[in-house]
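In: Provide a 3D model corresponding to the input given below.
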Amino acid sequence: MAVKLIACDMDGTLLDNKGSYDRSRFEKMLNSLKEKDIKFLVATGNNIGRLSLMFDGLFDDLSFVAENGSHLLENGKTFSRKGISDDLVCDFLDFYHDKLVDYRVMISTAESSYVLEGATFDFSRAAIEKEQLDKFLSRIKLLKSFSELPNEPFLKINMAIPVKHENEIISSFNRNFKGPLTAVTSGYGAVDVTPKGIHKAWGIEQFMKKWHIKPEEVMAFGDAPNDIEMLKLAKYSYAMANAPQDVKDSGHFIAPSNDDNGVFRVIETQILER
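Out: Here you go, the predicted structure:
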């Protein structure tokens with residue numbers, strides 16, 4: 001198995017169902033991969049605020065495809081950032097003008113995330129550590145109207161929609177929105193809206209070009225619909241046992257579940273112990 005790059009999702013994949021991971025085992029794995037000259041790439045829908053807490057002390061030694069490909073960092077430093085134009089944000093807000101509170105629409109800049117008054121979030125079952133959740137909540141600013149948005153570059157659009165209507169809402173948006181945006185879920189009603197063509201696989205490909213790595217030299221792990229493109233990209237792609245069937249169908253192999261440390265087990269047995 002001639003692997004030179006491992007791309008790994010976080011929530012539901014490397015992270016367990018409490019939103020944490022075995023830090024000591026992870027550091028040992030990273031060091032062993034480095035000795036074999038194998039790069040480890042974090043590929044996630046999370047933003048850098050949460051990732052900097054998640055990988056405190058390791059952040060500058062890691063590379064990231066963050067925000068589903070919209071933000072790329074090598075050794076903790078940005079080398080690509082895809083924003084969303086003011087016009088596209090306005091078109092999106094017009095499209096959902098009567099659903100902005102119900103769908104908990106959130107518009108983010110570099111410093112803050114903006115939602116309308118009346119939008120409520122339930123984090124009681126969220127798989128996220130308290131410090132990371134507190135950091136996320138500290139960024140949120142309430143507005144009476146999105147006409148009050150600041151004159152700053154817009155970097156991200158998110159929605160938190162009812163899970164039972166998730167597929168219907170996403171399909172309807174992708175079919176009917178007249179603009180270069182696409183919606184994708186990372187599960188449990190969490191939806192990212194990004195420029196068309198920008199996803200985890202696109203971000204990974206930018207690193208592959210930079211590092212001169214071919215698809216047949218890539219291993220990838222994921223569990224959610226926003227991982228499908230990268231699972232299709234990599235030769236050694238592992239859908240997690242806890243993934244839905246459409247994600248499993250996109251990978252070439254099945255890894256043990258996130259709660260069974262599937263990522264560690266595959267890398268250790270297939271890469272490090274050989």
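In: Where does pLDDT dip in this structure?
Out: Within the chain, the segments meeting pLDDT under 70 span 1, 123-127.
In: Pick out the residue closest to the middle of it.
Out: For the chain, the residue sitting closest to the mean C-alpha position, by Cα atoms, centre = their mean, is G45 at 1.5 Å.
In: ok, that residue touching T185?
Out: No: assessed by Cβ atoms under 8 Å, G45 is found out of contact with T185, at 9.3 Å. Bear in mind the C-beta positions are built from the backbone N, C-alpha and C, glycine included.
In: Residues in contact with both of these two, list them for me.
Out: 192, 226 (Cβ atoms under 8 Å, 6 or more residues apart in numbering).
In: hey, where'd the helices end up in the stretch 1-150 of the chain?
Out: 23-35, 48-54, 86-95, 130-139 (DSSP state H, counting those that start in this stretch).
In: And these: which comes nearest N174?
Out: helix 86-95 (11.7 Å; Cβ to Cβ).
In: Check which residues of the closest one are buried.
Out: 88-89, 92-93 (16 or more other Cβ atoms under 10 Å).
In: Also stretch 245-262?
Out: Here stretch 245-262 shows 247-248, 250-251, 255-258, 261-262 as buried, counting by 16+ other Cβ under 10 Å.
In: chain center to it, what's the gap?
Out: Mean-position distance between stretch 245-262 and its chain equals 17 Å (Cα atoms, centre = their mean, to the nearest Å).
In: What of stretch 102-113?
Out: In terms of Cα atoms, centre = their mean, the centre of stretch 102-113 is set 16 Å apart from its chain centre.
In: related to what we said a few turns ago, could the buried residues of stretch 245-262 go into a markdown table alongside secondary structure and distance to V163?
Out: A markdown table is the format used below for the buried residues of stretch 245-262 (DSSP: H, G, I helix; E, B strand; the rest coil; distance: Cβ to Cβ, whole Å):
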| residue | secondary structure | distance to V163 |
| --- | --- | --- |
| V247 | helix | 16 |
| K248 | helix | 19 |
| S250 | coil | 21 |
| G251 | coil | 23 |
| A255 | strand | 24 |
| P256 | coil | 25 |
| S257 | coil | 20 |
| N258 | helix | 19 |
| N261 | coil | 26 |
| G262 | helix | 23 |
